[in-house]
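Student: Sequence unavailable; structure follows:
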C-alpha cells in the first residue's frame with residue numbers, strides 16, 4: 001500500500017511496533033510519509049534513482065511534501081523491499097510486480113468489505129432475533145406450519161371490483 005493511493009487499503013491497522021524503523025516520530029504511524037528519498041533508499045537497500053523510477057511507473061508512489069519532494073512511509077519502504085525481493089529472488093519483471101501489488105490491494109479491499117458485510121449480517125440477525133423474541137412474548141408471533149401449499153389471499157376490499165373473495169380455500 002502506498003501513501004499516494006486513495007480509497008484503498010484497510011481502515012483497521014495494527015499499531016506499529018516501537019522499534020519498527022529508527023527515527024520515526026512518535027506521532028507517525030506506518031502510513032505517515034516522513035522519510036526523504038535518500039533515507040527511504042537506504043532503508044530499502046536501493047538507489048534513490050530506482051525509487052524515482054518506481055514512482056514514475058506507478059509501482060511505489062510516495063506522498064509529497066508541500067514543496068513537492070517525495071516522502072516515504074514505513075509501508076512504502078516495506079513495499080520497496082518486497083519489490084526488490086520479487087525482482088531479485090523470484091525473477092518477476094516490474095509489470096508482473098505491479099500486477100501482484102494491484103491484486104494484493106484488491107484482496108485487502110475485498111477482505112475489508114467482507115468483514116463489513118459479515119458484521120452487518122450479524123447485526124441484522126441479532127435484530128431479527130430480538131424482534132422475534134419480542135413478538136413471541138406479546139403473542140403477535142404465530143407458529144407457521146411448513147408446507148408446499150400456496151394460499152392466495154384476497155382482502156375484502158376487492159369485492160367492490162366485481163369479484164367476491166372465496167369463503168373457503170379452493171373456491172374461485
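Tutor: The structure has been received and is ready for your questions. All values derive from a computational prediction rather than experimental measurement.
Student: Could you list the domains of this structure?
Tutor: What the TED database lists as the domains of the chain is 22-92, 94-139.
Student: Out of these, the one nearest residue 147 is which?
Tutor: domain 94-139 (20.6 Å; Cβ to Cβ). Where C-beta positions appear, they are placed from N, C-alpha and C, glycine not excepted.
Student: Quick one: distance of the closest one to the chain centre.
Tutor: Relative to its chain's centre, domain 94-139 lies at 9 Å (Cα atoms, centre = their mean, to the nearest Å).
Student: Give me the mean pLDDT for it.
Tutor: Averaging pLDDT along domain 94-139 yields 92.
Student: Which residue, other than its chain neighbours, is closest to residue 71?
Tutor: Take residue 71 and drop its neighbours on the chain: the residue closest to it by Cβ to Cβ, 6 or more residues apart in numbering is residue 33, 3.6 Å away.
Student: Does that neighbour touch residue 66 like I think?
Tutor: No: using Cβ atoms under 8 Å, residue 33 is not in contact with residue 66; the gap is 11.6 Å.
Student: and these two? which has more neighbours close in?
Tutor: Per other Cβ atoms under 10 Å, whichever of residue 33 and residue 66 has more neighbours is residue 33, with 21 against 6.
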